[in-house]
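Asks: okay, structure incoming, though there's no sequence with it:
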């Protein structure tokens, strides 16, 4: 049986794809960031509820595995948790958006052309200055690896390993 947490993770991937829209800005960007970061945190909550439906032995093994995994990956987990808390509880965003306009010649020159370069940096913390889309991608990999660990535990419980 496919874990529901995988469905949430798939939605994270879709939310990440939407953050790559060229020229994404303003409230549209804000809603997409909100969705991506909230979905990332939801993966863990959904997975936790799913695991609780299994035997006490599986629940204990998963809890031990989670504490080790979370400690080994504290940087990304803490970012996901704190950013989700910031946007959900205070509507504060730890990521931003910017644009740089590059002119090929002086503005009044007849052959002047301009190009825009969009940036989407994380604004504070361990990932400050990094592209927020790369951090969302790292968060997706964080959950993907952990879900695989949980699936292995569940397969052992079901005798299908």
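Replies: Received it, and whenever you're ready, just let me know what you need. Just so it is clear, the model here is predicted, and its values are computed rather than measured.

Asks: got a pLDDT number for residue 16?
Replies: Per-residue confidence (pLDDT) for residue 16: 97.

Asks: can you pull the contacts of residue 70?
Replies: Contacts were defined as Cβ atoms under 8 Å, 6 or more residues apart in numbering; by that measure residue 70 touches residue 77. Quick note: C-beta positions are derived from backbone N, CA and C, even for glycine.

Asks: quick one: name whatever helix or strand follows the helix or strand hosting it.
Replies: Assigned by DSSP states H and E, residue 70 belongs to helix 56-72. Beyond helix 56-72 on the C-terminal side, the first helix or strand identified by DSSP H and E is helix 74-85.

Asks: just the buried positions in that next one, please.
Replies: The neighbour-count criterion (16 or more other Cβ atoms under 10 Å) identifies 76-77, 79-80, 83-84 as the buried residues of helix 74-85.

Asks: quick one: the helices in this protein?
Replies: In chain order, the chain shows helices spanning 4-18, 26-51, 56-72, 74-85, 132-158, with DSSP state H as the criterion.

Asks: between the buried residues of helix 74-85, which sits nearest residue 5?
Replies: Within the set of those, residue 80 lies nearest residue 5; the separation is 14.0 Å, counting by Cβ to Cβ.
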